[in-house]
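J.: Pasting the sequence and the predicted coordinates here, then a few questions.
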Amino acid sequence: MNELIIKKCNKCGALVKILKDCTCAECGIKCCNEEMKELKVNSADASFEKHIPTYEIKDGMIYVSVNHVMEEEHLINWISIVSDNQEVTTYLEHGEEAKMIAKYIPGSKIYSYCNKHGLWMKEVK
Ligand SMILES: [Fe+2]
């Protein structure tokens, strides 16, 4: 369960994190009278190098960075590291560096969210 499932409203841009989704076939989580769509990772037509998180492991900690601009109109809004029983998220502002530090857990997944280019993910070895 180290997946992060995020749904987005294509009308207003609202984002929700799914802890447990509805299993009914006919309904889904709605916003602006439309069904919210699950974001697919690494699928935007944009530079992988500027969006996929990179990491280094040192002394039991993982140092994550995303080589992306941090401008007011275009930035990485947050970075999350998700493992089976833990999720650590750092929320970012423009002008900050797109970086975070957390405990290293092998097999976790690192997600980064760009306000223009969506959700990106890298698996941690
Ligand atoms: Fe971007």
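T.: On my side now, so go ahead. Numbers count the residues shown, from 1 in each chain.

J.: who touches stretch 117-125?
T.: For stretch 117-125, the external contacting residues (C-beta atoms under 8 Å, 6 or more residues apart in numbering) are 4, 6, 8, 39-44, 46, 48, 51-55, 62, 66, 81, 104-114. Where C-beta positions appear, they are placed from N, C-alpha and C, glycine not excepted.

J.: among the residues you listed, which are within reach of the ion?
T.: Of the entries in those, the ones placed beside the ion under the rule of C-beta under 5 Å from the ion are C114.

J.: In strands only, show me the contacts of stretch 117-125.
T.: With strands taken from DSSP state E, the overlap with the contacts of stretch 117-125 comprises 6, 8, 54-55, 62, 81, 109-114.

J.: V16 is in contact with I29, correct?
T.: Yes - with contact defined as C-beta atoms under 8 Å, I29 and V16 form a contacting pair (6.3 Å).

J.: Now list whatever residues contact both of the two.
T.: Residues touching both I29 and V16 by C-beta under 8 Å, 6+ apart: 7, 36.

J.: K116 and the ion: what is the separation?
T.: Here the distance between K116 and the ion works out to 5 Å (C-beta to the ion, to the nearest Å).

J.: tell me the SS of that residue?
T.: When states are read from DSSP: H, G, I helix; E, B strand; the rest coil, the local structure at K116 comes out as coil.

J.: Contact partners for it?
T.: 46, 74.

J.: residue contacts, the residue located most distally from the centre of the chain?
T.: The centre of the chain is farthest from one residue, E26, which by C-alpha atoms, centre = their mean lies 27.2 Å away. With contact taken as C-beta under 8 Å, 6+ apart, E26 is in contact with no other residue.
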